[in-house]
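In: Coordinates only, no sequence provided:
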């Protein structure tokens, strides 16, 4: 398993329970018992998930009396978003191509409904 | 290992070689040999990485003559960015707090350099 920081963050996010824990922590700090409560898993299992999140820098932990509180640390998610931003033009492009096709179909339909139908069918064959 | 789509995408991104493959594919489709070339790994290892990327929907594969070409599919990265967007206010907030602290220090420094120093030291104690 890769151990660079970005890989650790992606690895930590690759589990629905760990993502649900992060979502819960957006409402405020929580104990292991509070985090375990909505899930059908044991507190030790939650503790293992918290360890993965802590190693990735996505939570910090502090002690309040006998309870150990988890706190969301969102900064690594900004780094992930920065990394993803470089791919934005590729999903934008595919949307632009779709927008262009829809605009062309719309124009053709206004000019000649039969021709628009032909373009639409050709589009289906190419897809 | 979780098998929901978002988990598969995060899992696929949790490896520096797989992320480098995606970056390479932003320059155009590529064969396994072309993708293996910059890395000190075998073509079968690259093929295993491509399988993980394909399962996550991050690449598609097509055959041209005897070569098998990989093509970047960026749409799942948009879904990841959408998921991350809900956390943006948490990293923005921590930046706002920092901005406020810096602004306060700046104002104090203009009013009274000695007092600004004291605020700075208090900030360190609180942190």
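Out: Nice, I can see it. Note that the structure is a prediction, hence the values are computed from the model and not measured. Residues are numbered from 1 along each chain as shown, chains lettered A, B, ... in the order given.
In: Any buried residues in stretch A:72-90, and which?
Out: A:72-74, A:76-78, A:80-81, A:83-84, A:87, A:90 (16 or more other CB atoms under 10 Å in any protein chain shown). C-beta: built from backbone N, CA, C; applies to glycine.
In: Do a quick rundown of the strands in chain A.
Out: For chain A, applying DSSP state E gives strands covering A:59-64, A:67-72.
In: Are the last one and chain B in contact anywhere?
Out: The reference is to strand A:67-72. Yes - looking at strand A:67-72 against chain B by CB under 8 Å from any CB of the partner chain, the contacts come from residue A:72.
In: before we move on, what about stretch A:46-61?
Out: No - Stretch A:46-61 is not in contact with chain B by CB under 8 Å from any CB; minimum separation 9.6 Å.
In: Touching that stretch from outside, list them.
Out: With contacts defined as CB atoms under 8 Å, 6 or more residues apart in numbering or on different chains, stretch A:46-61 is touched by A:5, A:8-9, A:11-13, A:15, A:17-18, A:21-22, A:25, A:32, A:35-36, A:39, A:68-77.
In: And for stretch A:1-15?
Out: Residues from elsewhere that reach stretch A:1-15, judged by CB under 8 Å, 6+ apart: A:18-19, A:49, A:52-53, A:55-58, A:76-77, A:79-80, A:83, B:1-2, B:7-8, B:10-11, B:13-16, B:19.
In: next one: stretch A:30-44
Out: Here stretch A:30-44 makes contact (CB under 8 Å, 6+ apart) with A:17, A:20-21, A:24, A:45-47, A:50, A:67-70.
In: Repeat the analysis, applying 10 Å as the threshold.
Out: Contact with stretch A:30-44 is made by A:16-17, A:20-21, A:24-25, A:28, A:45-50, A:59, A:61, A:64, A:66-72, as judged by CB atoms under 10 Å, 6 or more residues apart in numbering or on different chains.
In: coming back round to it: export the strands of chain A to CSV and tack on mean pLDDT?
Out: Shown next, in CSV, are the strands of chain A (pLDDT from 0 to 100):
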stretch, mean pLDDT
strand A:59-64, 92
strand A:67-72, 94
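In: deepest of the ones you listed, which one?
Out: Most buried of the strands of chain A by mean neighbour count (mean count of other CB atoms under 10 Å in any protein chain shown) is strand A:67-72; its value is a mean of 17.
In: Let me see the domain layout of chain A.
Out: Domain assignment for chain A by automatic domain parsing gives A:3-73, A:85-126.
In: which one of those is the most hemmed in?
Out: Comparing those by mean neighbour count (mean count of other CB under 10 Å), domain A:3-73 ranks first with a mean of 16.
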